[in-house]
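Enquirer: When you get a sec, could you give me coordinates for this:
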Amino acid sequence: MVTKPVNQKQSAERGQSANVCPAVGKTVSGVFRSDTARDNNGQYITRFLYHGENGLMAYRLENVPLAVQKEARLLLFQGMEGFDNLSCLDRVSAARLTITLSSEEHNETIPRQVSPQAWHVMYADRYTCQEEEMDGVIEGVGFQLTMLNPDSAGNPLDHFSAEEAGLHSFYFMLILAYFVACCIYVQPLWQALNKGGPMHTVLKVLSTALLLQGLSVLFNYIHMARYASDGVGTPIMGSLAELCDMVAQVQMLYMLLSLCMGWTLSRGRKSQSKPLQWDSSPASTALALGGVVTQGALLIWEQFEDTEHHSYHAHRSLAGLLLMALRVALTLLLASVLYQIISAERSTLKRDFYLSFAKGSFLWFLCHPVLVFLSVIFNEHQKEKIITIGVILCQSISVVILYRLFLSRSLYWEVSSLSSVTLPLTMSRGPRNRY
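Expert: Numbers count the residues shown, from 1 in each chain. Below is the predicted model of the structure:
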């Protein structure tokens, strides 16, 4: 949920080039630079989705005389399509709203929005479209912008963009649901973990992934609770939320790949007399680690490339698109492996297990790409909420499906006990009659 500095590549994708503007959240702080505005036909500052009426943009300047001398102004645009094809003068004249920077503080009311619209803010001054070379280095003007939407009473007090509205309440409800579920299930789960048995390791992995997801939700809520009051939030909490989500994604990927690939590669060489364990053959480990390293590298790359990133904005950058393609490829790989397993399996009980496992695995990997694909039919201000809420709920359901599967004595327990040529992910080391 953290909004970070806008870089040149992102701005070009929105229709213009820009240099770095040090900005955090929707209370945007930075420096208006004449050389940057001149080099890029305007210095791109930020974007904000306004809705309804009484939307507000307030600015504060540090050096008003210099801003007046440079004829500094803010240009607000709604549509950025074809912006790169416009000349500098055409860009400036195409602004929907122009705000002259002539006072230390100023509040500007945004025109009424019939539906939520994205407004893009650029800086320009007398040097922006000047053909002659600039004389020397011109000092920049420090600024702070605050963008506010109307709240339920119509007062401009809401720091959240229209695309973010409602996420704060969603995270609160999710934390409440996690707390209630924890109170109900923590004791039985703890007993199952202490007892050991064939589901022991996978339950530890699932529990860790669920804990990381819960921490990610908590950190996002803390960040957004602060963001609601000042438009900046607590960026470190947003970063911690992303880190927890990244670790959970990598951990689940390694577990699911190890389960399927380890079983496939070891099915013909396991002794019937040996208890089942998580297969650690060089081939299965290399495949699982290969997937983990690839996904981890793409996640880290995506953090640097998509500077307005949070966990489920991955479709906005090249790294994010590659990450979704990887998830689709992994789904196809797992589908191929499970199809071979199910086709060769005669036991109805085992086939039911593999089918349930496939449902949980496919839901985990495919929810993000599918939701991004479906989001094209929704309005711009709805896409982020649909993707964020949808992915979190779908992956939580996926974990629940896998929990039920591996805790069920009628499925995984029996499958693990009937034959050693089944799944690699078991930890039973003692006599089976102890269970």
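
Enquirer: Output the strand ranked longest in the chain as CSV - backbone C-alpha positions only.
Expert: Secondary structure of the chain read by DSSP state E shows that its longest strand is strand 113-124. Written as CSV, here are the backbone C-alpha positions of strand 113-124 (Å, rounded to 0.1, in the frame of the first residue of the first chain):
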residue,chain,number,x,y,z
GLN,A,113,-16.7,14.0,-10.6
VAL,A,114,-19.6,12.1,-12.0
SER,A,115,-17.5,8.9,-11.6
PRO,A,116,-14.1,8.4,-10.0
GLN,A,117,-11.4,9.8,-12.3
ALA,A,118,-7.6,9.8,-12.1
TRP,A,119,-6.0,13.3,-12.0
HIS,A,120,-2.3,13.5,-13.0
VAL,A,121,-0.3,16.4,-11.6
MET,A,122,2.6,18.0,-13.4
TYR,A,123,4.8,21.0,-12.7
ALA,A,124,5.8,23.6,-15.3
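
Enquirer: I would like the residues contacting the helix or strand following that strand, please.
Expert: With elements assigned by DSSP states H and E, the helix or strand that comes after strand 113-124 is strand 141-150. If you take C-beta atoms under 8 Å, 6 or more residues apart in numbering as the criterion, strand 141-150 is touched by 26-32, 45-46, 48, 50-63, 66-67, 70, 72, 101, 121, 156-162, 165, 231. Placement of C-beta: from N, CA and C, glycine included.

Enquirer: Which among the residues you listed count as buried?
Expert: 26-30, 32, 45-46, 48, 50-52, 54-57, 59, 61, 63, 66-67, 70, 72, 101, 121, 156, 158-162, 165, 231 (16 or more other C-beta atoms under 10 Å).

Enquirer: Show me those that map onto helices.
Expert: 66-67 (DSSP state H).

Enquirer: So which of the buried ones among the contacts of strand 141-150 are in strands?
Expert: Those of the buried ones among the contacts of strand 141-150 lying in strands (DSSP E): 27-30, 32, 45-46, 48, 50-52, 56-57, 59, 61, 121, 156, 158.

Enquirer: So V217, which state does it fall into?
Expert: helix (DSSP: H, G, I helix; E, B strand; the rest coil).

Enquirer: Next one: it from L259, what distance?
Expert: The spacing between V217 and L259, counted by C-beta to C-beta, to the nearest Å, is 26 Å.

Enquirer: Could you check which of the two has the larger neighbour count?
Expert: L259 (25 against 22; other C-beta atoms under 10 Å).

Enquirer: you'd agree the more buried one is up against F357?
Expert: Yes - judged on C-beta atoms under 8 Å, L259 makes contact with F357 at a distance of 7.4 Å.

Enquirer: so how many other residues sit close to the closest residue to S115 other than its chain neighbours?
Expert: Closest residue to S115 apart from its sequence neighbours, by C-beta to C-beta, 6 or more residues apart in numbering: N379 at 7.1 Å. If you count neighbours by other C-beta under 10 Å, N379 ends up with 13.

Enquirer: same question, the one 4 residues further on
Expert: K383: 19 surrounding residues under other C-beta under 10 Å.

Enquirer: Look up the pLDDT of it for me, please.
Expert: If you check K383, the pLDDT there is 87.

Enquirer: isn't it right up against E164?
Expert: No - using C-beta under 8 Å, K383 is not in contact with E164, being 11.4 Å away.

Enquirer: any idea how far L371 is from the residue nearest to S115?
Expert: Taking C-beta to C-beta, one finds N379 at 15 Å from L371.

Enquirer: Equivalent analysis for V391, please.
Expert: 6 Å.

Enquirer: could you give the mean pLDDT of stretch 91-105?
Expert: For stretch 91-105, the per-residue pLDDT averages 91.

Enquirer: Just the terminal-to-terminal distance for it.
Expert: 26 Å (C-alpha to C-alpha, to the nearest Å).

Enquirer: can you list the residues that contact it?
Expert: Outside of stretch 91-105, the residues that reach it under the criterion C-beta under 8 Å, 6+ apart are 16, 32, 41-42, 57-61, 64, 67-68, 71-78, 83, 86, 106, 108, 110-111, 119, 122, 124, 128-129, 141.

Enquirer: Now G231: phi and psi?
Expert: phi 70, psi 0 (degrees, to the nearest 10).

Enquirer: make that E62, sorry
Expert: Residue torsions, per degrees, to the nearest 10, at E62 are phi -100, psi -20.

Enquirer: likewise E71?
Expert: According to degrees, to the nearest 10, E71 has phi 60, psi 50.

Enquirer: One more: the one 10 residues further on?
Expert: Torsion angles at E81 (phi, psi; degrees, to the nearest 10) stand at phi -70, psi 130.

Enquirer: quick one: it and S115, what's the gap?
Expert: E81 is 17 Å from S115, by C-beta to C-beta.

Enquirer: and what of F77?
Expert: F77 is 17 Å from S115, by C-beta to C-beta.

Enquirer: Please say which of those two ends up with more neighbours.
Expert: Using other C-beta under 10 Å, the more surrounded residue of F77 and S115 is F77, with 21 against 10.

Enquirer: Touching, the more buried one and Q117? I think so.
Expert: No - here F77 does not reach Q117: they are 10.5 Å apart, not a contact under C-beta under 8 Å.
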